[in-house]
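Asker: Could you look at this predicted model? Sequence included:
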Amino acid sequence: MTVAAVQGIINMPCNHSVDLTVEKLKGILRATGATLFALIDHSGEAEKAGMKMPPTKLLIFGSPKAGTPLMLAVPSMAIDLPLKILIWEDIHGKVWVSYNSTAYLQTRYGLPPDLMQTVAIVETLAAKVAA
């Protein structure tokens, strides 16, 4: 498995384990008042099904106050909201932080730049937890 370029997805190398990166992100979300709606442990669920995969966790987070104006402008954007960050380890033990590109979302939904500031926070969060 390699880190494939997928349209609209940013894969950022991470300097920490999956679990440490998850904890860092959870702490930042708490500190900023964002809501962590869900933490999906894909690798944990795979293990329960008798399958093995490297650590892979998806955090779904956001703020209804910030996201609602986006969904009012383009209701179908609810498919990509709340925001998501995937933290995963490849077969070589390298950890990655992946998220939807802000530019891709802007193009996909045709949103004006002033509304995209809400979504752009994902880039800042990913950089903070990956460093």
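Answerer: That came through, no problem. Since this is a predicted model, take the numbers as computed values, not measurements.
Asker: so how far is stretch 11-18 from its chain's centroid?
Answerer: 12 Å (Cα atoms, centre = their mean, to the nearest Å).
Asker: Without its sequence neighbours, what residue ends up closest to Ile9?
Answerer: Of all residues not flanking Ile9 in the chain, Ser98 sits nearest, at 5.7 Å (Cβ to Cβ, 6 or more residues apart in numbering). (C-beta placed from N, C-alpha, C; glycine too.)
Asker: Tell me how many other residues crowd that neighbour.
Answerer: When counting by other Cβ atoms under 10 Å, one arrives at 18 neighbours for Ser98.
Asker: what is it paired to in the beta sheet?
Answerer: For Ser98, the beta-bridge partners are Asn11, Leu86 (DSSP bridges).
Asker: contacting residues around Ile100?
Answerer: Just to correct that, residue 100 is Asn rather than Ile. Shown in contact with Asn100 (Cβ atoms under 8 Å, 6 or more residues apart in numbering): Gly8, Ile9, Ile10, Asp80, Leu83, Lys84, Val119, Val122.
Asker: Just the buried ones from those residues?
Answerer: Buried subset of those (neighbour count, 16 or more other Cβ atoms under 10 Å): Ile10, Asp80, Leu83, Lys84, Val119, Val122.
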